[in-house]
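1. here are the coordinates; sequence isn't available:
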């Protein structure tokens with residue numbers, strides 16, 4: 001965004017600051033000056049304003065930051081300037097009705113009569129020109145000036161073009177658009193409206209898109225003699241939804257989408273009214289139409305000074321902390337060991353103690369932070385919800401399945417057969433990237449089917465896939481009866497999808513078999529047992545799915561619902577043959593488990609932490625020749641049985657079959673890792689423990705250990 005140096009300097013009383021120093025200090029406190037145009041009094045800054053700081057998207061807000069950064073005074077000379085109101089009472093000239101107070105918490109309006117439309121004064125035109133804003137007429141330029149001056153978007157209506165209500169007064173109604181309504185906006189484009197759009201209407205029709213753009217029919221023109229000035233506070237989500245759905249973006253919507261100051265509406269009206277009357281004459285009606293929801297209590301926070309010092313690794317004096325916060329517009333009150341802070345209405349980004357810490361250090365200077373490592377922090381517990389997804393990945397990968405990562409967006413046709421797997425109706429995307437991305441999937445299985453089809457068409461028919469991802473559906477309890485999109489809330493569930501197709505090779509020495517329902521059910525059960533379910537407190541049950549079930553995408557008689565402790569947790573089964581054929585598959589097995597349900601059934605997690613030994617460990621290898629039929633577990637148990645406490649781990653390093661190894665046998669190399677938290681290990685001890693392990697392996701029978709003679 002562009003900001004004029006002289007405009008910023010008007011808020012900094014005293015000698016004008018050096019333009020370069022001003023730009024450097026803004027960058028230092030987080031408002032990065034990306035470019036500078038002109039020099040001296042003609043300097044214009046191009047400043048990066050992050051989305052969380054809408055209060056800095058205007059000259060007054062940025063000047064306040066500059067004053068703190070440069071340790072200068074800040075003054076807003078116009079803040080208390082009165083507005084002459086020689087006209088009649090505003091209630092006799094217009095009326096305002098807010099039908100959607102949840103989406104418009106405040107709507108303020110002033111009326112100016114007897115104006116003659118003229119160009120803006122030279123000062124306003126010069127300011128707007130400096131930041132690339134063209135001049136149109138005094139009323140329009142006044143609204144633009146206020147937006148860039150204090151960050152409050154305004155709109156000017158020709159009062160005589162607004163339809164009258166039952167009381168005979170031109171009426172403003174803040175409401176949702178009705179189905180089929182249309183509006184030609186100021187850019188000359190006719191917009192088709194739906195009930196998801198918040199509009200400003202008169203007694204008959206929409207006259208503006210709330211927070212986005214006004215309508216052409218009620219715009220200021222050369223014939224205008226009476227003006228209604230609008231200044232409102234809209235819900236950011238409502239403006240964002242309207243702007244995105246219509247593909248629009250304006251200076252006003254940019255600010256409303258991020259959040260504006262509800263206490264600035266009348267300030268904006270007063271500043272614009274003074275400018276208009278100065279240029280166009282006329283009389284301002286007495287009073288303001290101000291319709292607002294109950295005023296929200298200001299946010300109050302406590303900043304603990306010891307927390308500040310511990311977080312930063314340095315101590316900042318309490319009086320300096322209080323000074324910084326006061327200069328930023330907060331209301332700090334020192335108490336014992338802390339500072340109680342009331343957050344100003346324009347700082348919507350400050351919601352917790354950490355935000356206050358950031359305010360203090362960015363103004364004190366990040367360059368002052370010492371090179372101090374923070375104190376170690378080890379959480380006592382880790383939530384099951386955080387553990388289960390990663391553990392699920394480990395368990396399924398350990399069973400030989402390959403993990404997939406697919407798009408959450410699928411086509412409506414791909415999702416339709418599985419729509420019953422998620423609550424409510426399918427979630428349609430209003431502005432899809434393309435035809436294949438119109439719907440949010442009801443189950444991760446849809447993405448696995450896409451991957452399977454891709455592989456099968458390239459000759460890879462034996463598949464075992466899984467994906468941990470999100471499934472989407474409408475939360476039926478929060479969708480209005482007449483509107484299936486728009487204000488409904490989407491239900492998002494983290495789930496794991498599983499797909500088996502073709503043959504499953506469990507071991508290279510075992511003949512492959514086609515995957516079936518029991519294979520899929522076994523994997524699902526093994527997964528749940530691996531997570532810690534399936535005991536007396538969380539029994540796992542498989543219930544056959546009848547033919548009348550809503551899960552019609554599964555084959556009857558070869559599918560089941562999965563329950564954990566009596567709670568539905570998912571399903572598993574063979575895909576319905578015709579649906580499987582559409583994916584170029586034959587009897588694939590699919591499963592879907594709700595990880596949230598699985599996590600809720602688990603007992604609280606227990607976390608233990610053991611520091612690594614400060615003494616070096618030692619590793620030795622043992623190579624054993626054994627029958628192929630000997631399982632790995634038998635080798636592992638033989639090594640661990642009777643092993644000393646210093647044996648930390650046993651790992652398989654490699655397997656070999658070939659010359660020198662008899663038929664039916666295999667060489668397995670095991671790595672034995674030893675270590676002690678008390679002392680370094682002697683080589684003689686390590687070799688002795690290795691030899692003991694070798695003798696236990698020989699005792700299995702039919703085995704040989706390299707370098708160790710067989711017992712007599």
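-> Perfect, thanks for sending it. Please read these numbers as outputs of a predicted model, since none were measured by experiment.

2. tell me the secondary structure at the closest residue to residue 275 other than its chain neighbours.
-> In space, and not counting its chain neighbours, residue 275 is closest to residue 142: 4.0 Å by Cβ to Cβ, 6 or more residues apart in numbering. Where you see a C-beta, it was placed from the backbone N, CA and C, and this is true even at glycine. Three-state assignment for residue 142 (DSSP: H, G, I helix; E, B strand; the rest coil): helix.

3. just give me the neighbour total for residue 142.
-> By other Cβ atoms under 10 Å, the residues close to residue 142 number 29.

4. how about it, what does it touch?
-> 120, 124, 154, 156, 271-272, 275-276, 279 (Cβ atoms under 8 Å, 6 or more residues apart in numbering).

5. how close does the residue lying closest to residue 259 once chain neighbours are set aside sit to residue 355?
-> Excluding its sequence neighbours, the residue lying closest to residue 259 (Cβ to Cβ, 6+ apart) is residue 348, at 4.3 Å. Per Cβ to Cβ, to the nearest Å, residue 348 is found 11 Å from residue 355.

6. pLDDT weak spots in the stretch 401-550 of the chain?
-> Along the stretch 401-550 of the chain, the parts satisfying pLDDT under 70 run over 476-488, 505-512.

7. all strands for it, in order.
-> Assigned strands in the stretch 401-550 of the chain, in chain order: 402-403, 409-410, 427-428, 439-440, 463-474, 490-501, 503-504, 513-514, 540-544 (criterion: DSSP state E, counting those that start in this stretch).

8. point out where this protein drops to low pLDDT.
-> For the chain (pLDDT under 70), the answer is 374-375, 377-382, 476-488, 505-512, 605, 607, 712.

9. again, 80 this time
-> Applying pLDDT under 80 to the chain flags the ranges 372-385, 434-435, 475-489, 504-513, 547-548, 604-610, 710-712.

10. residues in contact with the residue nearest to residue 259?
-> 54-55, 259, 261.

11. and what of residue 701?
-> With contact set as Cβ under 8 Å, 6+ apart, residue 701 has no partners.

12. in a strand, residue 624, correct?
-> Yes - secondary structure assignment places residue 624 in a strand (three-state DSSP).

13. so it touches residue 702, yeah?
-> No - contact criterion Cβ atoms under 8 Å: residue 624 and residue 702 do not qualify, at 10.5 Å.

14. more neighbours: these two, which one.
-> Each of residue 624 and residue 702 has its neighbours counted (other Cβ under 10 Å); residue 624 has more, 23 against 12.

15. list the contacts for the more buried one?
-> 635, 667-668, 670, 694, 697, 703-706.

16. separate out the buried members of those residues.
-> Among those, those classed as buried by 16 or more other Cβ atoms under 10 Å are 635, 667-668, 670, 694, 697, 703-705.

17. which of those residues fall within strands?
-> 667-668, 670, 704-705 (DSSP state E).

18. residue ranges for the helices of the stretch 551-700 of the chain, please.
-> Remark: helices assigned in the stretch 551-700 of the chain by DSSP state H, counting those that start in this stretch are 577-582, 595-601, 632-640, 683-698.

19. ok, residue 148 to residue 326 distance?
-> Distance from residue 148 to residue 326, by Cβ to Cβ: 26 Å.

20. quick one on the thing from earlier: out of the contacts of residue 142, which comes closest to residue 462?
-> residue 154 (66.3 Å; Cβ to Cβ).

21. reformat the contacts of residue 348 as a markdown table; add distance to residue 423 and secondary structure.
-> Conversion of the contacts of residue 348 to a markdown table gives the following (distance: Cβ to Cβ, whole Å; DSSP: H, G, I helix; E, B strand; the rest coil):
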| residue | distance to residue 423 | secondary structure |
| --- | --- | --- |
| 54 | 35 | helix |
| 55 | 39 | helix |
| 259 | 31 | coil |
| 261 | 39 | coil |
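
22. out of those residues, who's the most crowded?
-> Highest neighbour count within the contacts of residue 348, by other Cβ under 10 Å: residue 55, with 29 neighbours.

23. which residue packs closest to residue 406, ignoring adjacent ones?
-> Using Cβ to Cβ, 6+ apart, the closest residue to residue 406 is residue 447 (2.9 Å).

24. my error: substitute residue 243 in the last question.
-> Spatially, and ignoring its direct neighbours in sequence, residue 243 is nearest to residue 253 (4.4 Å; Cβ to Cβ, 6+ apart).

25. contact partners for that neighbour?
-> Applying Cβ under 8 Å, 6+ apart to residue 253 gives the contacts 211-213, 239-240, 242-243.

26. thought residue 141 was touching residue 135?
-> Yes - if you go by Cβ under 8 Å, residue 141 and residue 135 touch, sitting 5.4 Å apart.

27. which one of the two is surrounded by more residues?
-> Higher neighbour count among residue 141 and residue 135: residue 141, with 25 against 15, using other Cβ under 10 Å.

28. so where do the strands sit in the stretch 151-300 of the chain?
-> Under DSSP E, counting those that start in this stretch, the stretch 151-300 of the chain gives strands at 154-158, 171-176, 182-184, 190-192, 198-201, 206-209, 213-214, 226-234, 283-284, 289-292, 300-304.

29. list the helices and strands the last one packs on?
-> This points to strand 300-304. Strand 300-304 is packed against strand 338-342, helix 353-364, with contacts defined by 3 or more Cβ pairs under 8 Å, 6 or more residues apart in numbering; DSSP states H and E.

30. same check on the second one?
-> Counting contacts by 3+ Cβ pairs under 8 Å, 6+ apart, the secondary-structure elements packed against strand 171-176 are strand 95-98, strand 104-113, strand 198-201, strand 226-234.

31. that'll do, ta.
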